[in-house]
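Trainee: Provide a 3D model corresponding to the input given below.
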Amino acid sequence: MSLSMYQASVPVFVRMLDNLSRILELAIQYADEKKIDPAVLINARLAPDMYPLSRQVQIATDMAKGCAARLAGLEAPIYDDNETTFPELLARIAKTIAFVQSVGPEKIDGSEERKVTLKLRNQEVSFLGQPYLVHFVLPNFYFHITTAYAILRHNGLAIGKKDFIGGL
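Mentor: All right, here's what the predicted structure looks like:
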């Protein structure tokens, strides 16, 4: 049995965003227990030239909602990218999950050959649906979720692989 475009996208996004939410909830508890200003964690980076935790979450959610919308031929919701607290980041993840879950398999399946055009900074790039999902969205999505995880782990949050991949 082959893997459909829907199966390779929406359930993956939902699972990993749920896991990210749980990790952020643990970060809230950690900041409270250790008397750390949550803004310190939200603005933390792995390196000076990398985005902070808040931007990592924003980009991961943008990847998920943008992909679901583009594969379905819909307009993606636009978020303001102004989250500065853990509750705001959690709300962004929740509304992203709600959106991607609203895009059913009947809208995404069969999108392997759909043309997807993106405006990236100073250029436009075009993909077909399957390469867009497999070679652009999923690597970017996982990169930003992994980086968010790594920022929190680097700052002392006791999380491990099980937190990242979730329950099996």
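Trainee: contacts, neighbours, all on C-alpha from now
Mentor: OK.
Trainee: now the helices for this protein?
Mentor: 10-34, 38-42, 53-72, 86-102, 105-108, 129-131, 138-154, 161-165 (DSSP state H).
Trainee: Reformat those as CSV; add mean neighbour count and distance to residue 119.
Mentor: Putting these into CSV (neighbours: other CA atoms under 10 Å; distance: least, CA to CA, whole Å) gives the following:
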stretch, mean neighbour count, distance to residue 119
helix 10-34, 18, 22
helix 38-42, 18, 28
helix 53-72, 24, 12
helix 86-102, 18, 21
helix 105-108, 17, 21
helix 129-131, 19, 16
helix 138-154, 19, 15
helix 161-165, 13, 30
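Trainee: is it possible to export these to CSV including distance to residue 115 and mean pLDDT?
Mentor: Formatted as CSV, the helices of the chain follow (distance: least, CA to CA, whole Å; pLDDT from 0 to 100):
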stretch, distance to residue 115, mean pLDDT
helix 10-34, 19, 98
helix 38-42, 36, 98
helix 53-72, 9, 98
helix 86-102, 19, 98
helix 105-108, 13, 97
helix 129-131, 6, 97
helix 138-154, 17, 98
helix 161-165, 31, 96
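Trainee: OK, contacts around residue 107?
Mentor: Counting by CA atoms under 8 Å, 6 or more residues apart in numbering, residue 107 touches 71, 72, 73.
Trainee: let's see 7 Å
Mentor: By CA atoms under 7 Å, 6 or more residues apart in numbering, residue 107 lies in contact with residue 72.
Trainee: Just list the residues touching the residue nearest to the spatial centre of the chain, thanks.
Mentor: Among the residues of the chain, the one closest to the centroid is residue 60, at 2.4 Å (CA atoms, centre = their mean). Going by CA under 7 Å, 6+ apart, residue 60 touches 141, 144, 145.
Trainee: Out of these, which is nearest to residue 30?
Mentor: residue 145 (18.9 Å; CA to CA).
Trainee: Let me see the contact set for that closest one.
Mentor: Counted by CA under 7 Å, 6+ apart, residue 145 has contacts 56, 57, 60.
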